[in-house]
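K.L.:
3D, please:
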Amino acid sequence: MVVCDCESFQVPEQTASKLQEAVERLSVSPEQLSILSIEEKLAQLEEEFRRSAEYVLQKNADLYRRLA
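P.N.:
Below you'll find the model as predicted:
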């Protein structure tokens, strides 16, 4: 397990306010919400890449067959 020992980071005031509201509404710590948000975004990026790669492979399938 890789651990990033990030003690703090700065965010714009508007983002900090939204974060605080979400933390209070969800009854979680800012750290927990941040980690969950990062994990969700990474999963989303991975899925977008997978879909894009699949699209390119399908779109070029005929070309790949001719080149093989």
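
K.L.:
which SSE is the residue nearest the centre of the chain in?
P.N.:
The centre of the chain sits closest to residue 41, judged by Cα atoms, centre = their mean, with a distance of 1.4 Å. Using DSSP states H and E, residue 41 sits in helix 30-59.

K.L.:
Go ahead and measure how far that helix is from the middle of the chain.
P.N.:
5 Å (Cα atoms, centre = their mean, to the nearest Å).

K.L.:
Ok, stretch 24-34 next?
P.N.:
17 Å.

K.L.:
Buried ones in that stretch, by neighbour count?
P.N.:
33-34 (16 or more other Cβ atoms under 10 Å). No exception for glycine: its C-beta is placed from N, CA and C like everyone else's.

K.L.:
Ends of that stretch, what's the gap?
P.N.:
End-to-end distance for stretch 24-34, by Cα to Cα, to the nearest Å: 13 Å.

K.L.:
quick one on the thing from earlier: and the helix holding residue 41, what does it pack onto?
P.N.:
helix 13-26 (3 or more Cβ pairs under 8 Å, 6 or more residues apart in numbering; DSSP states H and E).

K.L.:
Buried residues, the helix it packs on. List them.
P.N.:
residue 23.

K.L.:
ok, and what's touching stretch 47-62?
P.N.:
Under the contact criterion Cβ atoms under 8 Å, 6 or more residues apart in numbering, stretch 47-62 has outside partners residue 64.

K.L.:
Mean confidence (pLDDT) on that stretch, please.
P.N.:
For stretch 47-62, the mean per-residue pLDDT is 94.

K.L.:
Report the distance from that stretch to the chain centre.
P.N.:
Centre to centre, stretch against its chain (Cα atoms, centre = their mean), the figure for stretch 47-62 is 20 Å.

K.L.:
Stretch 23-42 now?
P.N.:
On Cα atoms, centre = their mean, the centre of stretch 23-42 falls 12 Å from that of its chain.

K.L.:
Could you report the pLDDT at residue 5?
P.N.:
Reported pLDDT for residue 5: 68.

K.L.:
circling back: relative to residue 24, how far out is the residue nearest to the centre of the chain?
P.N.:
Residue 41 sits 22 Å away from residue 24, going by Cβ to Cβ, to the nearest Å.
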